[in-house]
Each structure stands twice: as C-alpha cells, then as structure tokens.
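In: no sequence on hand, only this structure:
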C-alpha cells in the first residue's frame, strides 16, 4: 500500500547515490580514441626544485584549474614541490572534473605517465596523512575512476585501520563511501569502520548515517550490529534527513536484507508529506526498497 504511493516514478536504478555524490563508472583504458574536445596537452616543463614554490601556491593553482589536462600540467610542472595536501588536492580536483566516458578514457590514455607518477608520489606519503586526508584521498580516486590507483586505496585502507580511533564520524562515513563507490571492498577496513561506528553512532549526523548504510550495502555487507545501531539512531531523527537520505537509507536496508519494520514505517510517515522534495530517481528507489521490505 505504501509503495503504491511512489509508483509512477521512473524505474529504479541499481543503487541510490548518497550525499550529492554522483560516481561514474570507470571507463576502459584503451588507445584509439579521438582527442577530447577539452584536451589541451601542455608542453613538457621541467619540474621545479622544492622551495621555489610554496604548497599554498600549488593548492591555489590546482583549485583554479578547470580542466583535467590543466591539473596534470600543474603536477608535471611543480611535481617535485607537492606536499601531502597538494597530492590529496590533486586527486580530489581530478575527481571533480566532468568528463564523458570517452573523454575520461582518452584522458587516462593520454596522461597515463603523469597519473602513474602521481600514484607513486601519493603512495610514498600515505603514512603521513591525517585521518581527514586518509578519508578524503580515496574519495577523489573513486570519483576519478582511475583503476590503477585502487592499489593506492588499499594502502590507505591498511593505514586507516590502525588509526581508525582517530577518525571523526564524518571521516568514518566518507572513507566507507569512497571505497564502496570505487568497488574496493577491503574487509579489514569495513570491519574497523563498523566497530568504530557502532561505538560512536550518536555522533553521526543524518547524512553520515545514510551514507554509512549505503556504503555497507553497496559492498554486500550485512553487519547486523551496525545496521541495528543506524536504525535505532535514525528513526527518531528522520526529520533531519533530506529526500536523498530517505532514499539511500531505504535502499541500503532493503539491499542488505535487514529487517527494519519500525524504520520503514517511520520512513513512510515522514516521506509522504515531503514527496514534492523527491527527484524521480529517489522516488523510484523508495518504491523499489519498500517492495522487498514487505510494504508493497
């Protein structure tokens, strides 16, 4: 009965996407593509010795660059002076670039040398990253979709597990989200995030609750204690959720196959008066989630 209220929306996608984050699939890396309309291959410039440019200057340059080729030019030009923040900023700026599948594949092919050099530099500084950057770095890699850098993500996972107690609730949610989006299921990392999240679930805000549930469901995890903690914390706080948070939470519990009748009842009561806030995909995912949950 409740699900019928959502019918008429478009057919649901395989998963809802949390927090305004719209991950793209990793394009194949192959030769033979026509050069992207955005391609502006910069001439090779010798790297400058460290000390001739500050880390702050490099961050400003990266932030003002509006093309992936331009970001690679900054790395090629000032690579030897990049510090930890610059390297993380570089990945995150690359992840923000909008490219079609074809443009992305062309970019990976044309800039493979620079991207692999960026990966090597990044892996060398992983032990020095703060929890914030350990959570943020894989987010940029996941958004970019450069699969060879999944190796870097695995090194981040090892480092994060040993320092998981230093992570904030936002950092716990973000690192799980990044690895789930990239499809990199590092079991020890998800084990550590689950245990730490359960212990500190009251610290999570609405988006962090929804994103954590989504991430664990996306990688096929059904951590009963974690989902129970999220359900208990989320149910009385649903007024804090945006429409996307409703859809992501419902999708996560339905995908994980976790019984949560009380939560779904509460989701329905809160969502129906706010249906005008939902995008078609969010409505579709709500309808899809409610059907297997027994509310069809």
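Out: Nice, I can see it. Since the model is a prediction, treat every value here as computed from it, not as a measurement.
In: so residue 249 touches residue 213, yeah?
Out: Yes: here residue 249 reaches residue 213: they are 5.5 Å apart, a contact under CB atoms under 8 Å. C-beta: built from backbone N, CA, C; applies to glycine.
In: which residues are common contacts for those two?
Out: Counting by CB atoms under 8 Å, 6 or more residues apart in numbering, the contacts common to residue 249 and residue 213 are residue 230.
In: near residue 60, how many other residues are there?
Out: Residue neighbour count, defined by other CB atoms under 10 Å, stands at 12 for residue 60.
In: make 33 the starting number, not 1.
Out: Okay, using 33 as the starting number, the last item reads as residue 92.
In: tell me which helix or strand it sits in.
Out: helix 87-96 (DSSP states H and E).
In: what separates the residue nearest to residue 123 when sequence neighbours are not counted from residue 165, distance-wise?
Out: Leaving aside its sequence neighbours, residue 123 sits nearest to residue 172 (CB to CB, 6 or more residues apart in numbering; 3.4 Å). Separation of residue 172 from residue 165 (CB to CB, to the nearest Å): 10 Å.
In: tell me, what's touching those two both at once?
Out: residue 120.
In: would you verify that residue 253 is located in a helix?
Out: No: with DSSP: H, G, I helix; E, B strand; the rest coil as the criterion, residue 253 is located in coil rather than a helix.
In: count of neighbours near it?
Out: 19.
In: who's in contact with it?
Out: Counted by CB under 8 Å, 6+ apart, residue 253 has contacts 222, 226, 288.
In: which one of those is nearest to residue 314?
Out: Proximity to residue 314 was ranked across those by CB to CB; first place goes to residue 288, at 18.6 Å.
In: mind listing the helices for the stretch 83-232 of the chain?
Out: 87-96, 100-110, 116-128, 133-142, 144-157, 163-176, 182-194, 201-214, 219-231 (DSSP state H, counting those that start in this stretch).
In: nearest to residue 321, of those?
Out: helix 201-214 (17.2 Å).
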